[in-house]
Structures are given as C-alpha cells and as structure tokens.
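Undergrad: Here you go, sequence then predicted model.
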Amino acid sequence: MFAVNFENVSDTSGIDIQDLIPGATSGLKAGSSTDADEIQIYNSSTGDYKKFYLFYSTLPFLQGNNYKWIDLDTNQPASYKFTNGLSFWYRSRGTTDVTITISGGVSLDASQSIEIVNGFNMIGNAFPANFNPNSLGTEYWKNCGAKAGSSTDADEIQIYNPNTSDYKKYYLFYSTLVFLQGNNYKWIDLDTNQPVSNEAEVMAAGKGAWYRHRGNGFTLTIPSPISE
C-alpha cells in the first residue's frame, strides 16, 4: 500500500497515472486485466475499488496502448490524477521485486485534512515524512471526533506488511480505570500494549494505511513537518 507524498507543481489536479508509475518501468508485469499489475484505489463511500491494469498485447492494432495503464471501467488508457495524500494498492503479478520511484514537489500547505468516515478509510500523508499519530497530542485526539476505547471497540490504524501479508495495528486508548488513565487518548501498539513513542515510525513516508473509524466521522488533520 503506497501513498503519494508529492504534488504536481505544474498541475494542481495531480500527477497523471501514466507519469506516476511509468508502465515501461523495468520489472513491471504488463498484460491483460487478468494477469497484469494493478493499481487499486479504495472508495470509502462505496466500499469498492477503482482499478487500473498495465496493458500489453501482441496484436498489432492494440500495441499503441502497450505499457499504458488502462481504466478497467472504460477499457481505455487512463487519465486519472493522483493528488498528494492519496493512498493506493499496487498489486504486483511479476516474479521479482521491483523498485519504483514516486516524485514531485513538496507541498507548502500548512496541513492536510482527511475526511474520515465510519468504517475503513485508506489514508496517506500529503508530505514526504513519517507520521506518528501520538505526535498530535492527547488533547487533539480527545476532541477531534475519533473513537477511543479498548482494542476491540476503538479506532485503529493498520499498516500492511507485504512480506508477511498481515498488518501492524495500533488503537486509540481510553479507560475509566484510574491507574490506566495516563494513557487515555494515546495510540497503543497492539503487539506490546504500550503507547507508541513520539519518535517511533507508524506510517512511513511513501506508505499508506487503513484508518478504521468506529465513530460517526471526523476530519483528521496532519500538520506539515516543514511549515512554520
């Protein structure tokens, strides 16, 4: 799961999918909609995905689209634009690991606003920096509209690990027990059941995450690490 941490300095509508990950990049798997690499963008409103696949054909009349990303809905070359902060799945169907580079300009905005709805939200950082939710402070998490509680009923952040095909999980803690209240409105590492330190990497630069919201919706604000 990747995130676009950069913006297109010459086009405010975003980075074109054909430029974001060029289809001719060595190691990518091109082919048909059933065997080629895919880019998938989650829609939290509908619970499904917008999909694109990397095309290749040996038929002469189709070769003009070779190594282009094709919109699965229209079966035509895609013109989708990726804004900074957008997160997406990359489904690799090749046999070897591939390194890709996502580039652009660094946003000068003071912060990023992400609308979080009930259920699963795929989120990314609009800035090329690691993000630790505890860096926002407990007062922020107490008042922003996020749902705090136990590991079974609180908001979660889930980071996918492609090497193990599972998730690293964190939850937003709250308890009425006096001896536990020092951790209220802090994000807890589910593996250790301890608060995540401010220096720890949660959502690394270039990586996307799931935000599982168990409330009625709120706006997540991520401040720029470079804005004064």
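TA: Received the coordinates, thanks. Residues are numbered from 1 along each chain as shown.
Undergrad: can you list the weak-confidence ranges in the protein?
TA: Within the chain, the ranges that satisfy pLDDT under 70 run 227-228.
Undergrad: can you give me the helices for it?
TA: Listed in chain order, the helices found in the chain under DSSP state H are 17-20, 138-143.
Undergrad: what would the ones you listed look like in JSON lines with distance to residue 214 and mean neighbour count?
TA: Where you see a C-beta, it was placed from the backbone N, CA and C, and this is true even at glycine. Written out in JSON lines, the entries for the helices of the chain read as follows (distance: least, C-beta to C-beta, whole Å; neighbours: other C-beta atoms under 10 Å):
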{"stretch": "helix 17-20", "distance to residue 214": "32", "mean neighbour count": "19"}
{"stretch": "helix 138-143", "distance to residue 214": "14", "mean neighbour count": "14"}
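Undergrad: Point me to the residue sitting closest to the centre of this protein.
TA: residue 208 (2.5 Å; C-alpha atoms, centre = their mean).
Undergrad: any idea how far the nearest residue to residue 100 once chain neighbours are set aside is from residue 138?
TA: The shortest distance from residue 100 to any residue that is not its chain neighbour, by C-beta to C-beta, 6 or more residues apart in numbering, is 5.5 Å, and that residue is residue 21. Residue 21 sits 38 Å away from residue 138, taking C-beta to C-beta, to the nearest Å as the criterion.
Undergrad: what's the answer for residue 185, then?
TA: Distance from residue 185 to residue 138, by C-beta to C-beta: 4 Å.
Undergrad: Over to residue 199?
TA: As defined by C-beta to C-beta, residue 199 lies at a distance of 17 Å from residue 138.
Undergrad: repeat for residue 161
TA: From residue 161 across to residue 138, the span is 28 Å (C-beta to C-beta).
Undergrad: May I have the residues that are in contact with the residue lying closest to the residue nearest to the centre of the chain once chain neighbours are set aside?
TA: Nearest residue to residue 208 in three dimensions, chain neighbours excluded: residue 87, at 3.0 Å (C-beta to C-beta, 6+ apart). In this structure, residue 87 makes contact with 1-4, 42, 122-124, 208-209, judged by C-beta atoms under 8 Å, 6 or more residues apart in numbering.
Undergrad: Out of those residues, which comes closest to residue 215?
TA: Ranking the contacts of residue 87 by separation from residue 215, with C-beta to C-beta as the measure, puts residue 123 on top at 15.3 Å.
Undergrad: how close does the closest one get to residue 158?
TA: 10 Å.
Undergrad: joint contacts of these two?
TA: Common contacts of residue 123 and residue 158, defined by C-beta under 8 Å, 6+ apart, comprise 209-211.
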